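# Model the structure of this input:
(4 chains)
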Protein chains: 2
Amino acid sequence: MGLTKSEIFTEEQNNIAALAKVLGHPARIAILQHIIKSNSCICGDLVQEIGLAQPTISQHLKELKNSGIIKGNIEGTSVCYCIDQENWSHISATFASFFEFSSSESNCC
Amino acid sequence: MGLTKSEIFTEEQNNIAALAKVLGHPARIAILQHIIKSNSCICGDLVQEIGLAQPTISQHLKELKNSGIIKGNIEGTSVCYCIDQENWSHISATFASFFEFSSSESNCC
DNA sequence: TTTATTCATTGCAATATTACGATTAATATT
DNA sequence: AATATTAATCGTAATATTGCAATGAATAAA
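Numbers count the residues shown, from 1 in each chain, chains lettered A, B, ... in the order given. This next block holds a predicted model:
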């Protein structure tokens, strides 16, 4: 029904999935890569860089902000976004620990 | 329009996003965690473990398989799934390199 | 004050996803 | 052969997501 039954999963499972979901769109990856590259923060040149309309970029930024991956500062008429360092390393660790599994022999049956 | 404009993004961006998207559902995280834990491969006890109907689990398994994260072996009437080790480490490295960014000073403007 | 500029929000259309009942295909068992 | 078991597929309903035009709110510049 298009409705995720999140109540039957653990908090950790919902958490990892929610984070992955936010990263699950190329526009949001592109936005993050651009923010990382320019280090100095960005506003609406993302619209120029990426080829999407302003409301669309704004929407993606909102999702990234809600998830805690980025944060924004108001600067006069424009808004400046950057990586939320603290959350970033936390999220990075979450994924690293999820992937931490390399027992050589997981022979399939 | 519910339609991702993947043609305007780089292959890398589409790639990371596609992988993250697959991980972007708690059921698929739960399936992966269960496969990892049981190491030995699984089939339909995922239906028991997780509280979703068989067609739903089957659908999630299909997505995981299509993305290359897991692979399945036919075993008589049942199918046995396990982590695709080679792809797993590749995907793990992809995420690790994406998150590899810690320049302490990304002061927001 | 008027006019730009910048960005968020609203509302909508198109498409995608999630979940499942019903069915199907395939191998095992009796 | 008849029946059971396992898992994929089909079809469908409900909900979510993506993208944008239009609009709004807020500050800056004239």
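# Give the residue spans of chain A that score low on pLDDT.
Low-confidence regions of chain A, defined by pLDDT under 70, span residues A:40-41, A:102-107, A:109.
# For it, which segments count as strands?
Read by DSSP state E, chain A holds these strands, from start to end of the chain: A:70-75, A:78-83.
# So for DNA strand D, which of the ones you listed sits nearest?
Closest approach to DNA strand D among the strands of chain A is made by strand A:70-75 (7.2 Å; CB to the nearest atom of the strand). C-beta: built from backbone N, CA, C; applies to glycine.
# Give me the sheet partners of that closest one and which way each runs.
Strands that pair with strand A:70-75, judged by DSSP bridges, come out as strand A:78-83 (antiparallel).
# if we can go back for a sec, take the strands of chain A and lay them out in TSV including distance to A:Ala93 and mean neighbour count.
Converted to TSV, the strands of chain A look like this (distance: least, CB to CB, whole Å; neighbours: other CB atoms under 10 Å in any protein chain shown):
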stretch	distance to A:Ala93	mean neighbour count
strand A:70-75	18	16
strand A:78-83	15	19
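# Output these as a markdown table; include the columns distance to DNA strand C.
Written out in a markdown table, the entries for the strands of chain A read as follows (distance: least, CB to the nearest atom of the strand, whole Å):
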| stretch | distance to DNA strand C |
| --- | --- |
| strand A:70-75 | 6 |
| strand A:78-83 | 3 |
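# closest to A:Ile50 out of the ones you listed?
A:Ile50 sits nearest to strand A:78-83 of all these, at 13.3 Å, using CB to CB.
# Wondering if the closest one reaches DNA strand D at all.
No. Strand A:78-83 does not reach DNA strand D (CB under 7 Å from any atom of the strand); its nearest approach is 8.3 Å.
# which residues are contacting that strand?
Strand A:78-83 is touched from outside by A:32, A:35-36, A:39, A:41-44, A:61, A:64-65, A:69-74, B:101, B:106-109, with contacts defined as CB atoms under 8 Å, 6 or more residues apart in numbering or on different chains.
# Any idea which residue of chain A lies closest to DNA strand D?
In chain A, no residue comes nearer to DNA strand D than A:Gly2, which is 2.3 Å away by CB to the nearest atom of the strand.
# Pull the distance from the longest helix seen in chain A to the chain's centre.
For chain A, the helix that runs over the most residues, judged by DSSP state H, is helix A:85-99. The offset between the C-alpha centroid of helix A:85-99 and the centroid of the whole chain comes to 11 Å, using CA atoms, centre = their mean, to the nearest Å.
# Report the buried members of the contacts of strand A:78-83.
Judged by neighbour count, with 16 or more other CB atoms under 10 Å in any protein chain shown as the criterion, the buried members of the contacts of strand A:78-83 are A:32, A:35-36, A:41-43, A:61, A:64, A:69-72, B:101, B:106, B:108.
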